[in-house]
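Undergrad: this one's structure only:
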Ligand code: SF4
Ligand code: SF4
């Protein structure tokens, strides 16, 4: 089963599916394809990795389209979807005072991070190199 409304188009399921039953196509939009006919009934890796529990057992046949998020600093297309950015934002806002970093490209993060507190810079140091 696939809960279409819960899917954020992150693409993690496509990365772990050993039978190519889930795959993604990236162009103007991200398109996620779910093909249960190809499902090899692995150990339900897609179920385990999905951050929103959108898949239960074998996914239903579906083709879902997602808009990409854009950097609020320079307008560049980010490599994740609007829904994924929203999901990350809500996760991060419970932990850090600057969750808006999810809406910045790497270049703009470098600029903006100078204004952020030391603890924040320390936490994101690994990804801001
Ligand atoms: S359960 Fe099926 S669709 Fe999900 S990862 Fe395994 S083979 Fe792919
Ligand atoms: S891992 Fe879950 S949320 Fe991400 S694309 Fe797959 S079904 Fe959608």
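TA: Looks like it arrived, so ask away. Since the structure is predicted, the reported quantities are computational estimates derived from the model, not experimental observations. Ligands and ions are numbered 1, 2, ... in the order given.

Undergrad: quick one: the helices in this protein?
TA: 12-16, 45-49, 82-93, 106-112, 118-124 (DSSP state H).

Undergrad: which of those helices has the lowest average pLDDT?
TA: Ranked by mean pLDDT, the helices of the chain end with helix 118-124 at the bottom, a mean of 53.

Undergrad: Which residue ranges make up the domains of this structure?
TA: Domain ranges of the chain: 4-66, 70-124, per automatic domain parsing.

Undergrad: and the shortest one, how far out from the chain's middle?
TA: Right, domain 70-124. With Cα atoms, centre = their mean, to the nearest Å as the basis, domain 70-124 stands 13 Å off its chain's centre.

Undergrad: likewise the longest one?
TA: In terms of Cα atoms, centre = their mean, the centre of domain 4-66 is found 12 Å from the chain centre.

Undergrad: for ligand 2, what are the nearby residues on this protein?
TA: Residues of the chain lying close to ligand 2 by Cβ under 6 Å from any ligand atom are 7-13, 32, 49-50, 52, 54-55. Using the backbone N, CA and C atoms, a C-beta is placed for each residue, glycine as well.

Undergrad: Return the members of those residues classed as buried.
TA: Neighbour-count burial (16 or more other Cβ atoms under 10 Å) is assigned, among the residues of the chain next to ligand 2, to 7-13, 32, 50, 54-55.
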